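*Asks:* Have a look at this prediction, sequence included:
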Amino acid sequence: MTSPASDGQFNMGYLCTGKQCEAGNADKIAMRFITPSLERHDYSFRDLDNLSNRFANVLKGLGFSKGDAFFTFLPKAPAQFIAFLGALKHEVTIGTLFSNFGEEAILDRLGDAGAQGVITKKSFVKKIAAVRSQMPRLRYIIVVDSDEHLADDILSYDRLMADASAEFNTPVTTAETPAILHYTSGSTGKPKGVVHLHRALASHAATAAGVLGLNGDDIYWCTADQGWVTGTSYGILGPWSLGVTQIQFAGSYNPESWFKILDEEAVTVWYTAPTALRMLMREEPGFYSRFVLKSLRHIFSVGEPLNPEVIAWARRTFDRDIYDTWFQTETGAIMISNRPGLDIRPGAMGKPVDGIEAAILTDEGNPVADTQPGNLCVKAGWPSMFATYINNAAAYASKFRDGFYFSGDTAYRDEDGYFWFLGRTDDVINTAGHLISPFEIESTLLEIEEVAEAGVVGVPDEILFEKVVAFVTLHKQYTYSQELELKIRLYVTHKLSSVATPHDVVFLPEIPKNKSGKIMRRVLKATYLGADVGDISTLEV
Ligand code: ATP
Ligand code: MG
């Protein structure tokens, strides 16, 4: 295993490529890139090293220097990984955008960051062009699908790469050098630009080994898009810093393709999200009997609370556990998790990972007794702790008190040290003097045979302060009926309590989710109240 800090060299780009070649992995497959039609393209660590060297030289040749911001704006494509690693090698701060962002979302990020360059594809150029006059610092757009340069400042990736040398001397990069700029998912408001430093790789590597259990023999697949933090921390950096072979699938969600990949590529460790797992639960159980999954050791989940019913389904359907992991854009790496070797308590996120101290604190920073709800906090100072919110030092400062980072989530710890997620602090429902977890009600609703997905919010109420409103989608074969609505409400009453019972059950064809699969509760709430839904740039379209 590579130590990220060997020789005082903290450069993430180098540690994931050149260092891997020196460690004997040059000919090993680093990335098996699989197209939507399931064609394979393999890249060895040597290929990644040479190509990212070329890209570092491209940026250098275009006059980029340390600390400048550069973004990828691509669907999953080999160039995205190469540009990411190449920028890091040249100490250019790299950001990643979801490929379906529109003009406003682009401006909110590229403009906010003062980006000087972006790599994209031809058909996206017009979206950037529409807001370019408001981004005076943007110097270059590089396109991956043109053989020729299109203008003085719209350049061909292939041409630039062909003219660039594959030799690049990565500067000795300090731990404190800015590396990555990630905008949060924007679940609660405008996305915030989170800055991570090269030192963060120590956390990515430690958790990829210690939580995901990765070692050099693994075939690992993280389904996350590189537009959000899971796609970089665990879809690029952690695994490659350990010399692990990664699958990257360019197709979208498709149960048939996904399970073929798991089976035929002999995936050993699979990292995905609750929303994908809940969608997979919609398939007939017979669908899964065709797949053997004999190599699959572990399944991990992140991004949203993992409902106990999903864990039960995986045990029933393919005899595997799913391990929940909790982290945020701001924490950069997994902080709390279930993991092999630790008994899973379905519904709990698990325990803090090695080297992390988590605590439940009051707003004033005092400890909260076990089993009681409070702010989920992490003792400051871990390597992948964010360094700032770009252009918003005040918001950054407001997240820390007495040496603890306040995550904005509400949780409790049980007597055995397991942490239980209750909701985002703003989402926890306060009804008739009781604090109610939207996650707990959603998990209960998923136990009902007819219910496929559920989102629960609290809305203002004159008498109760807030009342519980549930939004549900049904499995294909079911339709709304008054009896079903009654059944749903009674089920929650019996299973949880009468205070948790939804006052209203709204049946929807889809639950609104953002691009990383998170239920957008603020959109549900605003729609219910007929209010403005606010920034929805990350909403799935
Ligand atoms: P914004 O900060 O802009 O509102 P966001 O918080 O959705 O966006 P992310 O940093 O991608 O952006 O998401 C982190 C949040 O996702 C956590 O704070 C938590 O609310 C939720 N989350 C992540 N993993 C888990 C998990 N395992 N269990 C419960 N919630 C989770
Ligand atoms: Mg957040």
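*Replies:* Here it is on my side, so go on. Source: prediction; values computed, not measured. Ligands and ions are numbered 1, 2, ... in the order given.
*Asks:* need the residues of the chain near ligand 1, please.
*Replies:* 184-188, 191-192, 228, 302-305, 324-326, 328-329, 349, 407-409, 421, 424, 516, 518 (CB under 6 Å from any ligand atom). Where C-beta positions appear, they are placed from N, C-alpha and C, glycine not excepted.
*Asks:* The closest residue to ligand 1 within the stretch 401-541 of the chain: neighbouring residues, count only.
*Replies:* The nearest approach of the stretch 401-541 of the chain to ligand 1 comes at residue 421, 4.0 Å away (CB to the nearest ligand atom). Residue 421 has 22 neighbouring residues, counting by other CB atoms under 10 Å.
*Asks:* can you give me the strands in the stretch 201-350 of the chain?
*Replies:* 219-222, 245-249, 269-272, 298-302, 322-326, 336-337 (DSSP state E, counting those that start in this stretch).
*Asks:* So what are the sheet partners of whatever helix or strand comes next after the last one and their directions?
*Replies:* Stepping forward along the backbone from strand 336-337, the first helix or strand reached (DSSP states H and E) is strand 351-352. The sheet places strand 351-352 alongside strand 336-337 (antiparallel), with pairing taken from DSSP bridges.
*Asks:* pLDDT averaged over the strand it pairs with, what's the number?
*Replies:* In this model, strand 336-337 carries a mean pLDDT of 98.
*Asks:* How far away from the center of its chain is it?
*Replies:* 15 Å (CA atoms, centre = their mean, to the nearest Å).
*Asks:* what's the nearest residue to residue 75 if we skip its chain neighbours?
*Replies:* Nearest residue to residue 75, sequence neighbours excluded (CB to CB, 6 or more residues apart in numbering): residue 99, at 4.2 Å.
*Asks:* One more: residue 230?
*Replies:* residue 224 (3.9 Å).
*Asks:* Touching, the one you found and residue 234? I think so.
*Replies:* Yes - Residue 224 is in contact with residue 234 according to CB atoms under 8 Å; the separation is 7.0 Å.
*Asks:* So for the two, which residue has more residues nearby?
*Replies:* Neighbour totals were compared for residue 224 and residue 234, and residue 234 leads with 27 against 21 (other CB under 10 Å).
*Asks:* Neighbours of residue 136, how many?
*Replies:* Residue 136 has 9 nearby residues by other CB under 10 Å.
*Asks:* Check the one 5 residues further on too.
*Replies:* For residue 141, the number of neighbouring residues by other CB under 10 Å comes to 21.
*Asks:* ok, now residue 284?
*Replies:* 7.
*Asks:* That one and ligand 1, how far apart?
*Replies:* From residue 284 across to ligand 1, the span is 28 Å (CB to the nearest ligand atom, to the nearest Å).
*Asks:* ends of stretch 217-224, how far apart?
*Replies:* End-to-end distance for stretch 217-224, by CA to CA, to the nearest Å: 21 Å.
*Asks:* Give me the domain ranges for this protein.
*Replies:* What the record gives for the chain is the domain set 12-410, 431-529, from automatic domain parsing.
*Asks:* Report the central residue of this protein.
*Replies:* residue 230 (3.5 Å; CA atoms, centre = their mean).
*Asks:* got the contact list for it?
*Replies:* Going by CB atoms under 8 Å, 6 or more residues apart in numbering, residue 230 touches 222, 224, 271, 273, 302-303, 516.
*Asks:* Residue 222 now?
*Replies:* 230-231, 234-235, 239, 246, 270-272 are the contacts of residue 222 under CB under 8 Å, 6+ apart.
*Asks:* 7 Å instead?
*Replies:* Residue 222 is in contact with 230-231, 234-235, 271, counting by CB atoms under 7 Å, 6 or more residues apart in numbering.
*Asks:* List just the nearest of these to ligand 1.
*Replies:* residue 230 (7.9 Å).
*Asks:* Can you pull the phi/psi pair for residue 15?
*Replies:* phi -60, psi -20 (degrees, to the nearest 10).
*Asks:* Give me the contacts around stretch 257-264.
*Replies:* 34, 38, 221, 247, 249, 251, 267, 270, 291-293, 296.
*Asks:* redo that, cut-off 6 Å
*Replies:* Contact partners of stretch 257-264, identified using CB atoms under 6 Å, 6 or more residues apart in numbering, comprise 249, 251, 291, 293.
*Asks:* roughly how far out does that stretch sit from the chain middle?
*Replies:* 21 Å.
*Asks:* next one: stretch 77-92
*Replies:* 19 Å.
*Asks:* Need the distance between the two termini of stretch 108-126.
*Replies:* End-to-end for stretch 108-126, by CA to CA: 16 Å.
*Asks:* That one: which residues count as buried?
*Replies:* Neighbour-count burial for stretch 108-126, counted by 16 or more other CB atoms under 10 Å, picks out 108-113, 115-121, 124-125.
*Asks:* Check residue 252 and give its pLDDT.
*Replies:* Residue 252 is assigned a pLDDT of 88 by the prediction.
*Asks:* Buried ones in the helix or strand harbouring residue 487, by neighbour count?
*Replies:* Per DSSP H and E, residue 487 falls inside helix 482-495. Of the residues in helix 482-495, 484-485, 487-489, 491-492, 495 count as buried by neighbour count, 16+ other CB under 10 Å.
*Asks:* any idea which of those is least confident?
*Replies:* Within those, pLDDT is lowest for residue 495, at 92.
*Asks:* Distance of it relative to residue 47?
*Replies:* 53 Å (CB to CB, to the nearest Å).
*Asks:* Could you look over the domains of the chain and pick the most buried one?
*Replies:* The highest average neighbour count among the domains of the chain, using mean count of other CB atoms under 10 Å, belongs to domain 12-410 at a mean of 20.
*Asks:* Just the endpoints, please. Distance across that one?
*Replies:* Calculated as CA to CA, the first-to-last residue distance of domain 12-410 is 33 Å.
*Asks:* now stretch 466-483
*Replies:* 25 Å.
*Asks:* which other residues reach that stretch?
*Replies:* Counting by CB under 6 Å, 6+ apart, residues outside stretch 466-483 touching it are 429-431, 450-459, 461, 502-508, 511, 524, 528.
*Asks:* Quick one: mean pLDDT for that stretch?
*Replies:* Mean predicted lDDT for stretch 466-483 stands at 95.
*Asks:* Distance from the chain centre to that stretch, please.
*Replies:* Distance of stretch 466-483 from its chain centroid, counting by CA atoms, centre = their mean, is 28 Å.
*Asks:* same deal with stretch 30-39?
*Replies:* On CA atoms, centre = their mean, the centre of stretch 30-39 falls 21 Å from the chain's centre.
*Asks:* May I have that stretch as PDB, with CA atoms only?
*Replies:* Extracted in PDB, the C-alpha atoms of stretch 30-39 (Å, rounded to 0.1, in the frame of the first residue of the first chain):
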ATOM      1  CA  ALA A  30      -6.200   0.700 -13.600                       C
ATOM      2  CA  MET A  31      -9.400   1.400 -15.400                       C
ATOM      3  CA  ARG A  32     -11.700  -0.900 -17.400                       C
ATOM      4  CA  PHE A  33     -13.900   1.600 -19.100                       C
ATOM      5  CA  ILE A  34     -17.200   0.100 -20.300                       C
ATOM      6  CA  THR A  35     -19.400   1.800 -22.900                       C
ATOM      7  CA  PRO A  36     -23.200   1.800 -22.700                       C
ATOM      8  CA  SER A  37     -23.200  -1.100 -25.200                       C
ATOM      9  CA  LEU A  38     -20.800  -3.000 -22.900                       C
ATOM     10  CA  GLU A  39     -17.600  -2.600 -25.000                       C
END
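*Asks:* And for it, what's in contact with it?
*Replies:* If you take CB under 6 Å, 6+ apart as the criterion, stretch 30-39 is touched by 40-43, 45, 48, 78, 246-251.
*Asks:* And stretch 135-144, end to end?
*Replies:* End-to-end distance of stretch 135-144: 21 Å, with CA to CA as the criterion.
*Asks:* contact partners of that stretch?
*Replies:* 62, 79, 110-111, 114-119, 121-122, 153-155, 157.
*Asks:* same question for it, mean pLDDT?
*Replies:* 98.
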